[in-house]
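Enquirer: just a sequence and a predicted model for now, questions to come.
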Amino acid sequence: MEKRTVENVLTKIFHYIALVLFFTLFINGMFGTGKEQIIGTPSEFVLWQQDSFWWNAVKLLAATGVLFLAGKIYDRIIYKIHPNILLAAACVFVGIFSIWWVTAAPNYPVADQFTICDYAMAFNHDNYEGIQEISYLTVYPQQLGIVTLLRILFSWFGDMNYRAFQYFSALLVPVLVLSGCMIVRHLTNKNRKAEFFYLLFALCCAPMYLYIPYVYGDLPSTALGLLATWLLLSCLEKFSVPKVVGLALTVGLMVQLRKNTLILVIALVIVAFVRLLGKFKWQVLVTGCSVIAGVLLLQGALNLTYAGVRDTSLKGIPASLYLVMGTNDKDGNPGWYNAYALDSFTQNGCNPKIATEKAMVDYRARLREFAENPGYALDFYQRKMNYQWNSPMYQSRIMNFRFNGELKPLAVSIYGGPKMDVLLQGFMKIYQLFMYGSILFLLFADRKGLKNVEKYVLLIAVFGGFVFSMLWEAKPRYVMPYFLMLVPMYAVAAEYLLEKTKSGAKAIPSLVKSVVSRDKRADKKDTEKSVENS
């Protein structure tokens with residue numbers, strides 16, 4: 001078997017995996033929606049609502065009509081504007097709006113957000129007890145990266161000035177939009193209409209804006225992740241040392257802000273590795289290695305920063321405890337946080353080995369329950385999937401529901417207006433469902449056009465995120481970064497869907513004419529045959 005054939009086979013296998021994934025997400029979304037409970041008594045738990053399949057189908061047809069209209073407007077007016085000008089205008093808009101939103105919805109950090117801010121301030125005052133004894137940071141060592149970033153911001157702008165982090169997140173939104181648009185350029189070979197659709201979808205993505213005040217790594221790491229993806233694709237197309245260095249640093253910082261982005265790192269490395277199977281190039285090898293080097297470099301720098309003050313004998317919660325927590329079904333919330341990981345770890349003296357042994361006993365027992373009752377197991381994982389992947393608001397309001405200032409009218413409406421609640425959740429439902437449907441259509445109808453592994457880079461990351469979400473602690477917030485990663489593919493798929501729809505519409509008159517002509521010829525032959533018989 002030739003190396004090029006190996007690349008094609010691997011790409012084709014993943015193509016069918018992605019096809020099954022998006023078919024599953026789309027079909028489930030047609031029958032129900034995970035609602036965010038924000039009006040009345042707010043709750044972080046998802047309220048599952050059964051939907052009418054046919055009503056959702058009507059909405060999708062209407063969305064297709066809107067897309068067609070947007071395409072017409074582009075063809076007649078907007079195409080005259082240079083794509084870089086459109087991109088710049090979009091980035092300026094989201095930048096200004098994002099900065100304004102920090103003041104419009106003055107959210108303040110609570111729970112884990114406040115804790116990491118508190119540790120950042122303590123470290124700046126030479127109080128390192130948080131990493132010298134059993135505490136939050138030694139139990140959750142993955143938070144040390146974002147604590148370090150907060151330390152830098154606090155040293156520049158003042159103790160506990162979490163607004164600085166919120167503005168930092170706001171300034172990264174244009175980076176996210178820019179990176180996503182450049183990814184679309186690489187995926188479509190500069191299809192201007194696909195770029196236009198991306199900008200349209202990005203500007204209308206409510207969860208992206210609502211997560212700006214969230215003092216955590218979710219939004220910043222996603223922006224850096226899309227930037228890293230763009231840099232990887234750019235390096236694979238045309239290698240340069242500055243881009244490789246930028247890729248390494250971007251990936252390293254991304255992982256320090258949110259450890260779950262290692263899933264995207266794996267996707268980037270897979271793409272580079274599969275490219276090497278097709279044809280070996282040292283530039284591709286260096287590009288792939290730079291991704292790994294960036295992670296190791298920044299982690300090494302972090303370890304060096306705290307080398308003299310950190311007790312390295314203290315270990316964090318083992319992954320096995322999160323796997324067990326991901327199988328709980330407390331109060332009908334599949335895989336939701338139930339304090340199992342923390343309680344089990346502390347009850348076993350914060351000893352990772354003992355805690356893991358106990359967790360594996362519990363895990364095997366739970367798997368036996370699933371094996372003995374496969375119907376319940378199917379229901380459990382279907383609910384776990386839907387509560388995360390078919391909840392179109394991704395907890396974007398409930399996770400940012402604490403304020404310490406006066407809300408602007410728009411924020412008041414978004415967080416407390418019943419009509420706005422219905423409108424916002426309804427809009428994002430169609431947004432998400434049309435995203436799944438259009439990507440499914442692209443995967444089904446354009447198998448030849450998706451033969452290069454680079455075109456699957458974001459889908460590989462999303463598939464990894466899907467598997468992770470089904471095994472780990474469940475929460476729609478954890479899926480939000482993958483949702484934003486899908487927006488570039490959404491634009492590619494929507495443009496393809498529109499073109500195929502237009503081609504089909506144009507083919508109808510000629511098809512009708514062909515059928516009519518065929519019938520006339522058949523009638524003529526029948527008449528001639530009748531005359532001959534007579």
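Expert: The structure has been received and is ready for your questions.
Enquirer: Asn191 and Leu262, how far apart?
Expert: Here Asn191 is placed at a distance of 31 Å from Leu262 (Cβ to Cβ, to the nearest Å). Glycine gets a C-beta too; all of them are placed from N, C-alpha and C.
Enquirer: likewise for Leu144?
Expert: 15 Å.
Enquirer: check Tyr162 too.
Expert: In terms of Cβ to Cβ, Tyr162 sits 26 Å off from Leu262.
Enquirer: who has more neighbours, the two?
Expert: Taking neighbours as other Cβ atoms under 10 Å, Tyr162 and Leu262 compare with Tyr162 leading, 21 against 15.
Enquirer: what residues does the more buried one make contact with?
Expert: By Cβ atoms under 8 Å, 6 or more residues apart in numbering, the residues touching Tyr162 are Tyr108, Pro109, Gln113, Cys117, Leu150, Val215.
Enquirer: which one (most neighbours) among those?
Expert: Leu150 (28 neighbours).
Enquirer: apart from its chain neighbours, what residue comes closest to that residue?
Expert: Ala120 (3.6 Å; Cβ to Cβ, 6 or more residues apart in numbering).
Enquirer: backbone phi and psi for the one you found, please?
Expert: phi -60, psi -40 (degrees, to the nearest 10).
Enquirer: distance check, it against Glu454.
Expert: Remark: distance between Ala120 and Glu454 (Cβ to Cβ) = 38 Å.
Enquirer: show me where the stretch 101-250 of the chain has helices.
Expert: 112-124, 136-139, 144-157, 162-188, 192-203, 206-210, 218-237, 241-257 (DSSP state H, counting those that start in this stretch).
Enquirer: what count of nearby residues applies to Ile73?
Expert: 12.
Enquirer: where's it, which helix or strand?
Expert: helix 53-76 (DSSP states H and E).
Enquirer: just to revisit the earlier point, among the helices of the stretch 101-250 of the chain, which comes closest to Ala89?
Expert: helix 192-203 (8.6 Å; Cβ to Cβ).
Enquirer: who's in contact with the closest one?
Expert: Contacts for helix 192-203 (Cβ under 8 Å, 6+ apart): 67, 70-71, 74-75, 78-79, 83, 86-87, 90, 93-94, 176-177, 180-181, 184-185, 187-188, 208, 431, 487-488, 490-492, 494-495, 498.
Enquirer: what angle separates that helix from helix 53-76?
Expert: 120 degrees (axes from the mean of the first three to the mean of the last three Cα atoms, to 10 degrees).
Enquirer: helix 192-203: which residues count as buried?
Expert: Under the neighbour-count criterion of 16 or more other Cβ atoms under 10 Å, helix 192-203 has Arg192, Lys193, Ala194, Glu195, Phe196, Phe197, Tyr198, Leu199, Leu200, Phe201, Ala202 buried.
Enquirer: my read: Arg366 touches Asp329, true?
Expert: No - under the criterion of Cβ atoms under 8 Å, Arg366 makes no contact with Asp329, lying 9.5 Å away.
Enquirer: quick one: the closest residue to Ala474 other than its chain neighbours and Ser396, what's the gap?
Expert: Excluding the flanking residues, the one nearest Ala474 by Cβ to Cβ, 6+ apart is Gly335, at 3.3 Å. Distance, Gly335 to Ser396, by Cβ to Cβ: 20 Å.
Enquirer: what about the stretch 401-534 of the chain, any weak spots by pLDDT?
Expert: By pLDDT under 70, the weakly predicted segments of the stretch 401-534 of the chain are 504-534.
Enquirer: using the three-state scheme, assign Ser313.
Expert: Under the three-state scheme (DSSP: H, G, I helix; E, B strand; the rest coil), Ser313 adopts coil.
Enquirer: number of residues surrounding it?
Expert: As a measure of burial, Ser313 has 6 neighbours, counting by other Cβ under 10 Å.
Enquirer: now do it against Leu144, distance only.
Expert: 16 Å.
Enquirer: also Val173?
Expert: For Val173, the distance to Leu144 - Cβ to Cβ - is 25 Å.
Enquirer: do a quick rundown of the strands in the chain.
Expert: Chain-ordered strands for the chain, with DSSP state E as the definition, fall at 32-37, 43-50.
Enquirer: most tightly packed of these?
Expert: When the strands of the chain are scored by mean count of other Cβ atoms under 10 Å, the highest mean neighbour count falls to strand 32-37 (a mean of 21).
Enquirer: returning to that earlier point: neighbour count: Ala120 and Glu454, which is higher?
Expert: Ala120 (24 against 19).
Enquirer: how about the nearest residue to Ile38 once chain neighbours are set aside, what does it touch?
Expert: Excluding the flanking residues, the one nearest Ile38 by Cβ to Cβ, 6+ apart is Arg397, at 5.0 Å. Contact analysis of Arg397 by Cβ under 8 Å, 6+ apart lists Glu36, Ile38, Leu210, Ile414, Tyr415.
Enquirer: again, but for Leu484
Expert: When contacts are counted by Cβ under 8 Å, 6+ apart, Leu484 touches Leu176, Gly180, Cys205, Pro207, Met208, Thr222, Leu226.
Enquirer: would you turn the residues you listed into JSON lines with pLDDT?
Expert: Listed next are the contacts of Leu484 as JSON lines, based on pLDDT from 0 to 100:
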{"residue": "Leu176", "pLDDT": "98"}
{"residue": "Gly180", "pLDDT": "98"}
{"residue": "Cys205", "pLDDT": "97"}
{"residue": "Pro207", "pLDDT": "97"}
{"residue": "Met208", "pLDDT": "97"}
{"residue": "Thr222", "pLDDT": "98"}
{"residue": "Leu226", "pLDDT": "98"}
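Enquirer: TSV please, covering the residues you listed and showing distance to Leu253 and neighbour count.
Expert: Formatted as TSV, the contacts of Leu484 follow (distance: Cβ to Cβ, whole Å; neighbours: other Cβ atoms under 10 Å):
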residue	distance to Leu253	neighbour count
Leu176	14	26
Gly180	18	27
Cys205	23	20
Pro207	22	25
Met208	20	24
Thr222	12	26
Leu226	13	28
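Enquirer: so which of the residues you listed comes closest to Leu285?
Expert: Leu226 (23.6 Å).
Enquirer: test my guess that the closest one contacts Pro174.
Expert: No - in this structure Leu226 lies outside contact range of Pro174 using Cβ under 8 Å: 11.6 Å.
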